[in-house]
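*Asks:* need a 3D model of the sequence below.
(one chain, ligands or ions: 1)
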Amino acid sequence: MKELVGNCQVCGCEVFCTDGFFNGVVEPEGITCFSCRDRAVLNSLLNQLLEAEKAGVETLAFLLESAPDNTLFQHVKEDEAWSCRGLIESIRREKGQMSTNTGDFTDKVKALPTQKEQLQLLNKGQSWVVRKIDQALKLDMEPETKQFLFEMKQRHTQNIEECERLI
Ligand SMILES: [Zn+2]
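*Replies:* Residues are numbered from 1 along each chain as shown. Got it, this is the predicted structure:
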């Protein structure tokens, strides 16, 4: 049994109910097909990551103020900047709306009295990033976006381990 329920409010495609299974979600604005719903979720995750990585660049710049020769901090800062560029490209590629906000993570790090506590919070932030990437990787996306997110995850996982050694 296949029954037409309506049209997707985003792409206009026909959304069916097949054998009692509804191939979309009902939202306040109307019906959304699975593909448009996934796209909206993906773009929300990419923007959350972009806001966090912009805050990451700021946070590392702050940590470098008191340790300008720390090569690990320099390296992590470069990775955060690399992630920002990749996320901006990915949001463009996936045709999403770009957020211009920056997370408030740096203020939280600055509020902590010791570098040990600052690094512990930094690693919590980096672990949050890895979890968000894992959520995003479950969704449909362009192969280049997937490839980028895999590498971003690898770099963050490695940076977490290296920062852990300083704590
Ligand atoms: Zn749709």
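*Asks:* what's near enough to touch the spatially most central residue of the chain?
*Replies:* Centroid check for the chain by Cα atoms, centre = their mean gives residue 49 as the closest residue, at 2.7 Å. By Cβ atoms under 8 Å, 6 or more residues apart in numbering, residue 49 lies in contact with 83, 87, 129, 132, 133, 136, 152. All C-beta atoms are positioned from the backbone trio N, CA, C, and that covers glycine.
*Asks:* go again using 10 Å as the cut-off
*Replies:* 56, 83-84, 86-87, 90-91, 99, 103, 128-129, 132-133, 135-136, 149, 152 (Cβ atoms under 10 Å, 6 or more residues apart in numbering).
*Asks:* checking my notes, residue 145 in a helix, right?
*Replies:* Yes - per DSSP: H, G, I helix; E, B strand; the rest coil, residue 145 lies within a helix segment.
*Asks:* so what's it closest to, chain neighbours aside?
*Replies:* Residue nearest to residue 145 in three dimensions, not counting chain neighbours: residue 90, with 4.5 Å by Cβ to Cβ, 6 or more residues apart in numbering.
*Asks:* ok, now how distant is the one you found from residue 143?
*Replies:* 11 Å (Cβ to Cβ, to the nearest Å).
*Asks:* those two: which has the busier surroundings?
*Replies:* Looking at residue 90 and residue 143 with other Cβ atoms under 10 Å, you find the greater number of neighbours at residue 90, namely 25 against 7.
*Asks:* hmm, residue 50 and the more buried one touching each other?
*Replies:* Yes - between residue 90 and residue 50 there is a contact under Cβ atoms under 10 Å: 8.8 Å.
*Asks:* contact residues of the chain facing the ion?
*Replies:* Applying Cβ under 5 Å from the ion, we find that the chain lies next to the ion at 8, 10, 11, 13, 33, 36.
*Asks:* just put these in a markdown table and tack on secondary structure.
*Replies:* Output for those, formatted as a markdown table (three-state DSSP):
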| residue | secondary structure |
| --- | --- |
| 8 | coil |
| 10 | coil |
| 11 | coil |
| 13 | coil |
| 33 | strand |
| 36 | helix |
